[in-house]
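> Show me the folded form of this:
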Amino acid sequence: MALNSGLVRVPGVGEVSIAPPGTPEPPDATSPLPRPWVGLGLSDEDGVTIEREVDKEPTKHWQQLAPARYILQSHELRVTSNFQETKAAVLSTYFGGMTFRPHANGQWRGEISAIPSGDVRALCVDWSDRISAIEVYHHRLYIARTDVSENEEAQLSRTQEAKWGITFAALADQNGSNTLVAWLTDDPAFSPEYGETPDAMPPGMAPAVARP
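Okay, here's the model as predicted:
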């Protein structure tokens, strides 16, 4: 069996960021995101949920019950998180592009449109796993175009912080590329050469020593 406990990853910390659609892919998994990227800040302890759904329909036949093949109908990838910071970037995303502008007496005013419309954004999901001082692995998912496909109910109460649950759905590339999501990482476990031997270990880790 090819069991390796050194490959267990725990996304200990991360953040979701947005930018105008088509914002170029970041150069790597570790460089800070420059403008126009904007971080959406704190999420609740559930972090980020990534959901991929491929819909296939089987062919049906007179002579046999088992399908001869499956026909692809759709491919969806969704990213969901419950954001805990009540700020313009989060509420603009939650309410479909609502913009806050200066108002009287140093205040700010935003409008929620009676006519919903698409609000396409580029999306980055960053997370890292700090195993030790010499083992820190970074992961970054980049989606050139997403749209908000669903909102969770937001409850304003005295007993908990406000949460803004947002689901982003990946959209096809407008330039015809077949890439839906790009995954960037410095994790050596993703190297094609890694794992060719059963006892392969990430850099800096010593193999377990059998004790009598």
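
> The chain: strands as residue ranges?
Ranges of strands in the chain, per DSSP state E, are 13-19, 38-39, 43-58, 70-83, 100-102, 108-110, 121-130, 136-151, 164-170, 182-185.

> want to throw the ones you listed into a markdown table with mean neighbour count, mean pLDDT and distance to S157?
Glycine gets a C-beta too; all of them are placed from N, C-alpha and C. Below are the strands of the chain laid out as a markdown table (neighbours: other Cβ atoms under 10 Å; pLDDT from 0 to 100; distance: least, Cβ to Cβ, whole Å):
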| stretch | mean neighbour count | mean pLDDT | distance to S157 |
| --- | --- | --- | --- |
| strand 13-19 | 19 | 97 | 24 |
| strand 38-39 | 16 | 98 | 26 |
| strand 43-58 | 12 | 96 | 15 |
| strand 70-83 | 15 | 96 | 15 |
| strand 100-102 | 10 | 94 | 23 |
| strand 108-110 | 11 | 95 | 22 |
| strand 121-130 | 20 | 97 | 29 |
| strand 136-151 | 19 | 96 | 18 |
| strand 164-170 | 20 | 97 | 14 |
| strand 182-185 | 16 | 97 | 38 |
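
> Tell me the bridge partners for the most centrally placed residue in the chain.
The chain has V125 as the residue nearest its centroid, 4.1 Å off, counting by Cα atoms, centre = their mean. Beta-bridge pairing for V125 (DSSP bridges): V16, L141.
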